[in-house]
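> give me the fold of what follows.
(chains A and B)
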Amino acid sequence: MHFSRKERHSKNFVPPKLQITSMMDMFTIILIFLLFSFSNKPETMTLKKDLKLPESTADLDYNENINLVLSQTSLELEGKVIGTVKGGKIIGLDPQNLKTSALYERLRWTRERADNVPEDESEKPHILFLCDRRLPFKTVNSVVKAAAMAGYPNFQFGVLKK
Amino acid sequence: MSKLGRHRATTEQQTDIDMVPVMNMFLVLIPFLLMSVSFFHIKAINTSVPVLAQGKNSGHEQITEKVTAIVEIEPVGFHVSAISDSVEPEELDKWDARMPKDAEEAYPMDQLVAQLNKLKVSYPASDTLIIIPDESILYNTIIQAMDVARYYHDDSLFPNVVLSGKVG
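Below is the predicted model:
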């Protein structure tokens, strides 16, 4: 808003007040939305754009696990690409000979490195498996089998909450 | 105007609440909450794959009858059956059911949950389900089947889900 010098120096001039009511309203709405979306466990993993997780009614939080991600283009273990997926087939993961795969070798190495294996069933190491919902079971099965053979038969399937 | 009204008009002054501190607080809170917000919520479904048994004995005799439900997800529909060490095979054969896909090529989840619920009511101690999908079945369908098999409304059906490939 522009005031001329004459207007500003006049005795009747009252400096305009900034109307912050509407801004307050906006901030209040944003604050309420953010408070509802607040999570004390923000997702630390970055999901690839081409990874579409299935939706589920599951309400269980995942634990700190080994992350295994199978998308339509790649297989990643703990953020490192260990295989590529082409036409539903994982290059370097022969379903007939899973023990020669990089996935098996790396998981086996991790399993052997684990010093104390907990006896309690609930504390058995899990793999957090994030898999694209459009992949066929044939592709999923070879990954799951290789992990189980390497000593990780328990999984947590990552899903998006409905 | 009455005397009281005039008195009120002269004594009451319009006061503006100073909103600047509130604004400052909002400006601090919003970036903090933006950092902690999660726009998608990842949850987990516990499952396992079959492994060779260690031959461990629990040490006490099984008193209650328990069955393991088997859901085969075939390209044409579901095939539900049950296996058990403590129930007669003739009795188990009654639970064998095939549920073809509906006209819209969707899997009959309602029929599946109804069948599993009946099985659970008959053998309440049962808690394990084996899902055997065909190689062509999409992962999304497997998760949907797991969802309906684990809970019926708020009651637990078969929370222990084992995922297995077809043998042979």
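> what about residue 151, how many residues nearby?
Chain wasn't specified; assuming chain A. 16 (other CB atoms under 10 Å in any protein chain shown). (Glycine included, C-beta is placed from N, CA and C.)
> the chain in question should be chain B.
Neighbours of residue B:151 (other CB under 10 Å): 16.
> residue boundaries of the helices in chain A?
A:5-9, A:21-37, A:102-113, A:137-149 (DSSP state H).
> any idea which of these is most buried?
Most buried of the helices of chain A by mean neighbour count (mean count of other CB atoms under 10 Å in any protein chain shown) is helix A:137-149; its value is a mean of 22.
> for that one, what is the distance to the chain centroid?
Its chain's average C-alpha position is 21 Å from that of helix A:137-149, according to CA atoms, centre = their mean, to the nearest Å.
> how far away is the nearest residue to residue B:160 once chain neighbours are set aside from chain A?
Closest residue in space to residue B:160, ignoring its immediate chain neighbours: residue B:128 at 4.4 Å, by CB to CB, 6 or more residues apart in numbering or on different chains. To chain A, residue B:128 is 14 Å away according to CB to the nearest CB, to the nearest Å.
> residue B:128 bridge partners, please.
residue B:68, residue B:160 (DSSP bridges).
> follow-up on the earlier one: please name whichever of the helices of chain A is nearest to residue B:19.
Checking the helices of chain A against residue B:19 by CB to CB gives helix A:21-37 as the closest, at 5.9 Å.
> just the mean pLDDT for that closest one, thanks.
Helix A:21-37 shows an average pLDDT of 86 in the prediction.
> with just CA atoms, put it into CSV.
As requested, the backbone C-alpha atoms of helix A:21-37 are provided in CSV (Å, rounded to 0.1, in the frame of the first residue of the first chain):
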residue,chain,number,x,y,z
THR,A,21,-5.9,-13.2,11.2
SER,A,22,-6.1,-15.1,7.9
MET,A,23,-2.5,-16.1,8.2
MET,A,24,-3.2,-17.4,11.7
ASP,A,25,-6.1,-19.4,10.4
MET,A,26,-3.9,-20.9,7.7
PHE,A,27,-1.2,-21.8,10.2
THR,A,28,-3.6,-23.3,12.6
ILE,A,29,-5.0,-25.6,9.9
ILE,A,30,-1.5,-26.6,8.8
LEU,A,31,-0.5,-27.2,12.4
ILE,A,32,-3.5,-29.4,13.1
PHE,A,33,-2.8,-31.4,9.9
LEU,A,34,0.8,-31.9,10.8
LEU,A,35,0.0,-32.9,14.4
PHE,A,36,-2.3,-35.6,13.1
SER,A,37,0.3,-36.9,10.6
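> who touches that helix?
B:19, B:22-23, B:26-27, B:29-30, B:33-34, B:37-39 (CB atoms under 8 Å, 6 or more residues apart in numbering or on different chains).
> buried ones among those residues?
Among those, the ones that count as buried by 16 or more other CB atoms under 10 Å in any protein chain shown are B:26, B:33.
> nearest to residue A:150 among the contacts of helix A:21-37?
Of all those, residue A:150 sits closest to residue B:38, with 30.8 Å by CB to CB.
> returning to what we had before: which ones among the contacts of helix A:21-37 are found in strands?
Using DSSP state E, no member of those sits in strands.
> and the residue nearest to residue B:160, what does it touch?
B:68-69, B:158, B:160-162.
> could you pull out the strands in chain B for me?
Under DSSP E, chain B gives strands at B:42-48, B:68-74, B:77-83, B:97-100, B:128-133, B:151-152, B:155-156, B:160-163.
> please apply the same query to chain A.
Shown for chain A, the strands assigned by DSSP E span residues A:55-56, A:66-70, A:74-77, A:80-86, A:89-91, A:127-131, A:154-161.
> winner for burial among those strands?
Most buried of the strands of chain A by mean neighbour count (mean count of other CB under 10 Å) is strand A:127-131; its value is a mean of 23.
> which residues are in contact with residue 68?
In the absence of a named chain, chain A is used. So residue A:68 contacts A:75-77, A:103, A:127-130, A:143, A:147 (CB under 8 Å, 6+ apart).
> switch to chain B, please.
By CB under 8 Å, 6+ apart, the contact list for residue B:68 reads B:82-84, B:126, B:128-130.
> how near is it to chain A?
Look at residue B:68 and chain A: by CB to the nearest CB, they are 17 Å apart.
> that older thread, could the strands of chain A go into TSV alongside mean pLDDT and distance to residue B:121?
Below are the strands of chain A laid out as TSV (pLDDT from 0 to 100; distance: least, CB to CB, whole Å):
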stretch	mean pLDDT	distance to residue B:121
strand A:55-56	91	24
strand A:66-70	91	37
strand A:74-77	91	42
strand A:80-86	90	42
strand A:89-91	89	42
strand A:127-131	92	32
strand A:154-161	90	27
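> now render those strands as JSON lines, adding distance to residue A:114.
Formatted as JSON lines, these follow (distance: least, CB to CB, whole Å):
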{"stretch": "strand A:55-56", "distance to residue A:114": "29"}
{"stretch": "strand A:66-70", "distance to residue A:114": "10"}
{"stretch": "strand A:74-77", "distance to residue A:114": "15"}
{"stretch": "strand A:80-86", "distance to residue A:114": "19"}
{"stretch": "strand A:89-91", "distance to residue A:114": "25"}
{"stretch": "strand A:127-131", "distance to residue A:114": "13"}
{"stretch": "strand A:154-161", "distance to residue A:114": "14"}
